[in-house]
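**Student:** A predicted structure for the sequence below; I have some questions about it.
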Amino acid sequence: MRKPRIALGTLALLVGCLVNYVGDRIIGVRIELFWGLQSFNFLWFLQLFVWPVVVGIVVAAIFGLGGKWLCYFPPAIVRGIAYLEMKYILDIPDGAALIPVGWWVFYVILAVECAALGGVIGEIMVKRTYGRTSPEEAERELIHPNRKDEASNGE
């Protein structure tokens, strides 16, 4: 039972990272770069707040219950790789500056929290409900389906 859950979690993380990375490339905004006030436009908002929700939904839909805890990682991983890529590999364009690490951490926290919202939405989709169950439903879940009811035995 343990190995399939780990494999499913690994798959969910990889697919979440892939969805996040592809979405970042399609949107085309590098939130690691600061262009002045023109940096904060609709696409920047979409990439930092909306797309991580989609990533969280995907991770929770793949992993199932518990996916809301797993969905924290893909935005942090992709944002970390993007920052290191911009700092050490790519050239910073003229007119832009690399944001300080403190601001980057703040942006990562925002993306991770939005992914957590997506993870909760994904779990609601998987579970079809969220929160406490009614006493009747809880009782039905406790009774094993193969157990014979005492009333049906004629006792």
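**Tutor:** The structure has been received and is ready for your questions.

**Student:** so which residues of this protein form helices?
**Tutor:** 2-27, 42-45, 51-63, 67-70, 73-84, 101-127, 135-142 (DSSP state H).

**Student:** what's the closest residue to Trp35 other than its chain neighbours in contact with, if anything?
**Tutor:** Closest residue in space to Trp35, ignoring its immediate chain neighbours: Ala96 at 5.2 Å, by Cβ to Cβ, 6 or more residues apart in numbering. Heads up, the C-betas are built off the backbone N, CA and C, glycines and all. Counting by Cβ atoms under 8 Å, 6 or more residues apart in numbering, Ala96 touches 33-35.

**Student:** thinking again about what came up before, please identify the most buried of the helices of the chain.
**Tutor:** Of the helices of the chain, the one with the most neighbours on average (mean count of other Cβ atoms under 10 Å) is helix 51-63, at a mean of 25.

**Student:** output the contacting helices and strands for that helix.
**Tutor:** If you count contacts as 3 or more Cβ pairs under 8 Å, 6 or more residues apart in numbering; DSSP states H and E, helix 51-63 packs onto helix 2-27, helix 67-70, helix 73-84, helix 101-127.

**Student:** pull the distance from the longest one to the chain's centre.
**Tutor:** The chain centroid and the centroid of helix 101-127 are separated by 6 Å, computed with Cα atoms, centre = their mean, to the nearest Å.

**Student:** separation between Ile99 and Lys87?
**Tutor:** Applying Cβ to Cβ, to the nearest Å, the value for Ile99 to Lys87 is 10 Å.

**Student:** overlap in contacts, those two.
**Tutor:** By Cβ under 8 Å, 6+ apart, Ile99 and Lys87 have these common neighbours: Glu32.

**Student:** quick one, which of the two is more surrounded?
**Tutor:** Neighbours were counted for Ile99 and for Lys87 using other Cβ atoms under 10 Å; Ile99 has more, 19 against 13.

**Student:** my read is that Trp44 contacts Gly28, right?
**Tutor:** No - the criterion here is Cβ atoms under 8 Å, and Trp44 misses it with Gly28 at 10.4 Å.

**Student:** residue ranges with poor pLDDT in this structure?
**Tutor:** Scanning the chain for pLDDT under 70 picks out 1-3, 128-155.

**Student:** list the contacts of the residue nearest the centre of it.
**Tutor:** Nearest to the mean C-alpha position of the chain, counting by Cα atoms, centre = their mean, stands Gly56 at 2.4 Å. Gly56 is in contact with 16, 67-68, 71, 114-122, counting by Cβ under 8 Å, 6+ apart.
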